[in-house]
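# What shape does this take:
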Amino acid sequence: MPIILISGLGSWIDIIYINADEGTLDGALTDSIGGYVDMAVLTMLILSASHIMRVGGAFDKIKEIAFSFIKDSARRAELVICGFVATLNVFTIVNTAAEIAAAPIVSDISKKLKIHPYRGPTFSTPLLPHWVTFSPGAAASSSVSSRSPT
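All right, here's what the predicted structure looks like:
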């Protein structure tokens, strides 16, 4: 915030102000808090679904299928980690949400094959922004938003 004020890129009114006509508090600060609340709710929903999948045995089945392909190969493990996170990203279109959902499986695979704790998450993260642009959800929303009303 101070950089915005010192550099002259904005004023206090841009950061936070009281809109007397509507009786609301507006500005960049309130907008960013509102955006964070949405992400926090999404994260809680993902963690809840993850817990239900773990208790229901879905994670064990996914790991069983993954380990049948991986066997004892670290390269295959990294491929599975990347593929799993990328697949989740296709459905969620939010990088953070896909990584949170994949974290328990990535952790278990990394521990079993003794992959360094930084390697599993780091391997999957850089690829995600590129996968998002090719996801069906992103393509559908892009095509819908680019249509002009008739």
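# from here on, contacts and neighbour counts on C-alpha atoms
Fine.
# give me the number of residues near residue 7?
Neighbour count of residue 7, defined by other C-alpha atoms under 10 Å: 9.
# list the contacts for residue 11?
4-5 (C-alpha atoms under 8 Å, 6 or more residues apart in numbering).
# Need the phi and psi values for residue 27.
Note on residue 27: its backbone torsions stand at phi 120, psi 180 [degrees, to the nearest 10].
# Does it touch residue 33 like I think?
No: using C-alpha atoms under 8 Å, residue 27 is not in contact with residue 33; the gap is 10.2 Å.
# Show me how far the helix ranked longest in the chain is from its chain's centre.
Counting by DSSP state H, the longest helix found in the chain is helix 28-56. The chain centre lies 10 Å from the centre of helix 28-56; the measure is C-alpha atoms, centre = their mean, to the nearest Å.
# How about stretch 100-107?
In terms of C-alpha atoms, centre = their mean, the centre of stretch 100-107 is found 12 Å from the chain centre.
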